[in-house]
Structure formats: structure tokens, C-alpha cells
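# need the 3D shape of this:
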Amino acid sequence: MVFEPKSLDFERSPYTGLTYESWLEAGRYLLEGIFRHIRSFSDPVVVPRRETQVSYPHSSDAVWEQKAEYFEGLARSFFVAAPLIRAIPDLEVCGYRLREYYKAQVLRACTEGDPVSVGSYEKMQEISGDRERTFQQTVETCALVICLWVCKAQIWDTYTRAEKDVIAGFLTGYANGNTVPQNWRLFNMLDMAFLHMEGYPVDTEIMAEHAQAIVNYYAGDGWYRDGHSFDYYSCWAFNLYAPLWNLWYGYAHMPYLAAKFEEYSNRLMETYPDFFDRDGFLNMWGRSNIYRCAAASAFAGNFFLKHPAADPGLARRICSGSLLQFLSREDFLDQGVPTLGFYGPFTPLVQGYSCAESPFWLGKAFLCLYLPPEHPFWTAKENNGSWERLGDREVKETALDGPALCFTNHQANGSTILRTGKVTKQKDDLHGMWNYAKLAYHSKYPWEASPAQGVEAQQYVLLDQTAGRYERCNVTFWCGKKDGVLYRRQYFGYCLEQETHWNHAVSLADFPVPWGIFRADRLRLYRRPVSLTLGAFGFPDNGTEVSVRECGDAKAILLKGHDVTGREKQLAMTIFGGWQSISLVHSRGTNPDSKRSIVLYAKGSWEKRYSCAPGLLLSQVITRESLEDFLPEEIFPLKSVSCTDPDGLGIYGPVELVFHDGTKRRIDFEGMEGRLML
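Numbers count the residues shown, from 1 in each chain. As a prediction, the model looks like this:
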């Protein structure tokens, strides 16, 4: 059953109709799905587990994992419940008064010896026998203090002093304990900030150490580097938790750092709205995709600051759009709870640090309900930002060198396409490459897992016939934009122990066209024979019409069909110079939208050990959200190619591409070696 809001106002919210009351209804919708599995008031928040091979608990003997699962269920469902308890103190769901349930369960979780105790920091060290270990509980303590703050009057203030001391003692252990040296530092910071607000002593040296580290992870344009990578943790951790820390502690006690966090959040607001598509949909990209619409929580975070820069009408439109992206789908819930997937259950994206209750982290999106109904976030009229200003076939492109992100808003089909760089993954880490190293991520075509040996969606796959092995690009260097073209370099099977000259590589040059992305890439091979494939986006196959077109030497395959919700879909892949053929593969279980899918892919083989061919690999992938035919000049847009080298191969020097609509693009790889950024 999909979410169907009863309170709608299309005057104030012309794009989604959602209001403050609609969001309360959405929260109740999710909580009803959760609480139908809680059989008695004394039971913890544990929901049915469908996936058992990847997610935890990994064994029945892993006591620490069982305790962590209890805490995830409690703290993350509290993200949804706390704002509702604040707004409707006597709210009941499935026969449980939420205020009383969470008050009891929070205290029990923090009380050593209780059957649903989640384990103090000291107890977890004892159980694990490892004093250097970090624990999942640290993550959830942060969720806990945020939720206790949100509904402070309804729950925290009603505890006795002795009960508060029990909870504070539990929090202190994790606040001062080992943490992962990346976004996790914010969990410790907020634990300490909450304790300080409530009059408990905190270690200010630990606070300063974590806070200076967090501010120094900043990479620019509102984004923070989290380990090797950039992903939504910049938005649902750094740019949500740091504003809360400012409010609770930073403004008063570390004003310099607080000013930096405010500046960085406001910088994010300058471009982050364009990260979402015309419907407010977000891209499936990076790790922890099961958190879904939590990516929009950075907008609420900005409004916790003294001087927020976010546009309230645009912020609400995006938050509501991303909420509906998931709650309006039948497959989003399994037995009433969010699946371990992006839409429906999808094991290829599940990670070992997640359990059945982990998706409740999407409840961060509901922190916007902390803002009162009279706040501009709720009263401003919805607007759609850049989408309201773009012409019919216009594309807006945003390139951010700091986090190596380039995203394009395509008015023709309403999609947002993301191209990334500064990616480093192990050469056998397929999961990491799917999440980070694809050539492009599309808001309407979530990434596809491996559909067949030797083929990947939006990735090159190389078969080194001398070594007899398939290789994928696990590292992506960023070179930035020049003359409207984005330049990057990908290496096949990159590792530090080997000089890059002994790695096959591909220099990437791509740019947006009204309906998608055009590619003009150049291989850098050190030996042959090799064969190569390049896949398009995965296409949901619920009965697909396939057609083949040719225009001179160019070839194209077109797909027409529907996604699992019945929305019309169309995709075309065209190959030009450099490629030898185009084909397709049918797959099952590799697409997040539909059980069956199709991946179109280009193919080529090159035998001679030292050869100038191919010069450029030219291709295009375009999509539309209707079955209306593409025009011939949209499928075959290229009019001419002018090369510097006398043989016209495009092996060196600038290459000029001229399109039928008059557009010209100059492809020039010269100087890439000096601009590679990782």
C-alpha cells in the first residue's frame, strides 16, 4: 500500500501538495508499518529480516551485533517518532502511546542488565575483547540525543534525575570512546554537546580534537571528504549534524569553527538543489543507498543555523519530492517496513554494516518537522528553482572541483545526471565501483549491477587477451571542465604497487546534450590484443520494444517500455567512430527498479600490438520519460568530425565535433597529465 496523504494544499505546494500536516501523516504511515511487528510494550524495535547473507547479525553468537540491532531499531525509528511526539504528545500507533513506549525503551536500552540493554561502551569492550574496536552503538547514540532534544519536553524532561544520570552515564562512555576517524566524529561531538546542555561534564579536549578534524575534512562547495570518497554523508551527516552542534555548543564555545560550519552549509545550499531532478528525485549514488530521502535532511540542517541561506519554498519542494520518490511506490515497503534496497529489496547494494532496521535512517528527513508550522519552510510557496528558468531543451551544468562532482539538469526529460571523480576503490571491489566509479548516475535510471560477464552499465569493461582477464576501472581521476567538456581519467585494475604505464586506461571526455550525455573518449593501452565494452544505463524490462537504427557508419538501438510503476521510459544508445558494434544483454535481479532489465552496450576489439586505432570512441546515451519518438537528429546528432592528425584518426591534437543543431565541441586531451586530481 502506497502513502496517500489526506492533507493536501496545491496553492501553497503546487508541485507536491504536501504540507506540515502531510508530513505528520507520512511519519505515522511509516510508524504504523514498524509497530505492527512489536507484539508487546516490552519488546524492542526489531522488524522482519528478509536479507540474511550480507546484512548483520552475521551469526546467532554475535551478541554485540544483536545489541547493535536493538539500538538501530530504537534510535532510527525514533527519528520518525520524535517529531510526531513533539507535535502530537498523546499520539498512539497500533495501540501504543509513542511517548511512553520510547521513554521506557530509551531508559532500558541504557540500563546495564536489562534484557534489551544495547550495551555500555565498557560492556561492549568486554564482550569483544578488543579495546581499540569501534561500535555501531556510537552511531545510534547520536540519533538518540537528537531525538531526545526534538521531543525534550515530552520525554527527556519527564525522567527523574536518577534516570537521567543512567542515560548520561551510558552516553558519556560512547562520547569519550573510540570512533571512526571520519563522519563518526560528529556522533561523539553531539553526544558531548547534549550532555553539556544538560549540565553534565564533558572532556573539552576530546571535543576540540573531533571538531577541528571535521572542519578540516572540508573540500569545498559545501562537501566534505569522508574517507577516500565523496557521497551523501556530506549531506545527511556533516551538513545536518554540524549545524546542530553549532546550535547546541559551537556558537557559544567554539565560535570560529561554528562560523566555518555555517559558511560551509550555506555554500552547499548554493548548488545542492540542482543535485535533485525536476520531480525532486535524488540519484542512487554512493554507499548507504538504503537511507534514501535522508539526503534531503541537509536542507532542514541549514535552517538550524543562525543565518540560513536555503530557499524555504525550494527546500520544501525538494524534501517532499524526494519523500514521494519512495513512499509513492508499492515496493518501497516489505511487510510494512522500508526494504534493504533503493526502491524494493535489492541485495547488490546492501552492505555488511546494515541490519533490517538500518533503513530507518531515512527518518532524518522528518527533522524538518522540528521547524514549527509557522516557519518559512512550511509557509513559503513551493518553487522548483532552476527548473522554472530553463528553456525546453536547455541544460544547466554545475561542476565542483573540490568534491569532483559534475551534475546536469536536463529540462527536456526532467532528469539530473551526475558524473564523478576522485574515486579510489580496490580492483576487486565491484560494489564500490557500482556505487562510485560509474561514468554517470541518472536520477531516473538507478545504477545496475553486473548484468553479464564482460558487461557493466555505465562502465567500461576490458578483456586483456594476453592475461586472459576482465578488468574494470576502479580509480577515477578528475581533470575538470574545459570549453564545455568534462575531462577525467580512469584506470583499469589500478594499484599503487604498479606504475600506471603498466595499466590500461581511458581518458574520458564527455558533455551534456539535451536528452543525455555524449562521450568522446580515448584509450590508453600498453598492449594488445584487447576487447572492450561500454554499457548504457540499465533499462527496466517489463515488456520492452527494441528497434535498431543506422545512419551511415553510426548505429543505434532504441528501447521503449515502462518501469515497474508503469511510468513510460525510453532509452537510445548510439555508437559512432571507434566502435565496431552495438548489442544488448537481458538480465534478472540486477536492476533496482524491476526484476528484469536490459543493458545496451558498445563493443570493440583491437588486435595489433602497436596500433593507432581507435582514436576516439564516440557514443551517446539519451533518455526520455515518454514513448514519443526521438527525432532522427537526436539519435544521430553528429554532423562531422575534424581531426588534427593527417589520417583523421583523432589520435593526437584537438578534434572538433560539429552537430546538426550547430553546436561545436573541441576535444583536446593535451595537458591532462598535469591536471589529474584524486
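
# burial check on Ala380, number of neighbours?
By other CB atoms under 10 Å, the residues close to Ala380 number 17. All C-beta spots, glycine's among them, are computed from the backbone N, C-alpha and C.

# is it in contact with Pro312, as I believe?
Yes. Assessed by CB atoms under 8 Å, Ala380 is found in contact with Pro312 at 4.1 Å.

# just the helices from the stretch 151-300 of the chain, written as ranges.
161-176, 185-197, 204-215, 233, 239-245, 251-253, 255-271, 297-302 (DSSP state H, counting those that start in this stretch).

# got the angle for the helix or strand that comes right after the last one vs helix 255-271?
For helix 297-302, the succeeding helix or strand toward the C-terminus, using DSSP states H and E, is helix 312-327. Here helix 312-327 runs at an angle of 70 degrees relative to helix 255-271 (axes from the mean of the first three to the mean of the last three CA atoms, to 10 degrees).

# let's see helix 312-327 as PDB, backbone CA atoms only.
Output of helix 312-327 as PDB, limited to C-alpha atoms (Å, rounded to 0.1, in the frame of the first residue of the first chain):
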ATOM      1  CA  PRO A 312      12.500  27.700   2.000                       C
ATOM      2  CA  GLY A 313      10.000  27.100  -0.800                       C
ATOM      3  CA  LEU A 314      12.600  25.200  -2.900                       C
ATOM      4  CA  ALA A 315      13.800  23.300   0.100                       C
ATOM      5  CA  ARG A 316      10.300  22.000   1.000                       C
ATOM      6  CA  ARG A 317       9.600  21.200  -2.600                       C
ATOM      7  CA  ILE A 318      12.800  19.000  -2.800                       C
ATOM      8  CA  CYS A 319      12.200  17.400   0.600                       C
ATOM      9  CA  SER A 320       8.700  16.500  -0.300                       C
ATOM     10  CA  GLY A 321       9.600  15.300  -3.800                       C
ATOM     11  CA  SER A 322      12.300  13.000  -2.500                       C
ATOM     12  CA  LEU A 323       9.900  11.700   0.200                       C
ATOM     13  CA  LEU A 324       7.300  10.900  -2.500                       C
ATOM     14  CA  GLN A 325      10.000   9.300  -4.700                       C
ATOM     15  CA  PHE A 326       9.900   6.400  -2.300                       C
ATOM     16  CA  LEU A 327       6.600   6.500  -0.300                       C
END
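
# in its sheet, what does whichever helix or strand comes after it sit against?
Next helix or strand after helix 312-327 toward the C-terminus (DSSP H and E): strand 333-334. Using DSSP bridges, the strands paired with strand 333-334 are strand 337-338 (antiparallel).

# which other residues reach the helix or strand just after the strand it pairs with?
For strand 337-338, the succeeding helix or strand toward the C-terminus, using DSSP H and E, is helix 376-379. Helix 376-379 has contacts (CB atoms under 8 Å, 6 or more residues apart in numbering) with 12, 19-20, 299-300, 303, 312-313, 315-316, 368, 371-373.

# now, of those, which are buried?
Among the contacts of helix 376-379, those classed as buried by 16 or more other CB atoms under 10 Å are Arg12, Thr19, Tyr20, Phe299, Ala300, Phe303, Pro312, Gly313, Ala315, Arg316, Cys368, Leu371.

# pick the one among the residues you listed closest to Ala143.
Nearest to Ala143 among the buried ones among the contacts of helix 376-379, counting by CB to CB, is Ala300 at 14.7 Å.

# show the contacting residues for the closest one.
Contacts of Ala300 by CB under 8 Å, 6+ apart are Leu240, Ala315, Cys319, Ala365, Leu367, Cys368, Tyr370, Leu371, Phe377.

# closest one to Leu74 out of those, please.
For the contacts of Ala300, the nearest to Leu74 is Leu367 (17.0 Å; CB to CB).

# for the closest one, the count of nearby residues, please.
Leu367, neighbours per other CB under 10 Å, totals 24.

# pLDDT score for it?
In this model, Leu367 is scored at 98, pLDDT.

# looking at the protein, which helix or strand is least sure?
helix 121-128 (a mean of 91; mean pLDDT, DSSP states H and E).

# roughly how far apart are Asn591 and Asp541?
Counting by CB to CB, to the nearest Å, the separation of Asn591 from Asp541 is 8 Å.

# and what of Ala452?
14 Å.

# repeat for Asp130
In terms of CB to CB, Asp130 sits 47 Å off from Asp541.

# also His410?
When His410 is compared with Asp541 (using CB to CB), they lie 23 Å apart.

# now for the nearest residue to Pro273 once chain neighbours are set aside: which residues touch it?
Once flanking residues are discounted, Pro273 sits nearest to Gly385: 4.8 Å by CB to CB, 6 or more residues apart in numbering. By CB under 8 Å, 6+ apart, the residues touching Gly385 are Pro273, Asp274, Asp311, Leu314, Arg317.

# what's the closest non-adjacent residue to Val641?
Leu657 (5.9 Å).

# could you list the domains of the chain?
20-388, 395-673 (automatic domain parsing).
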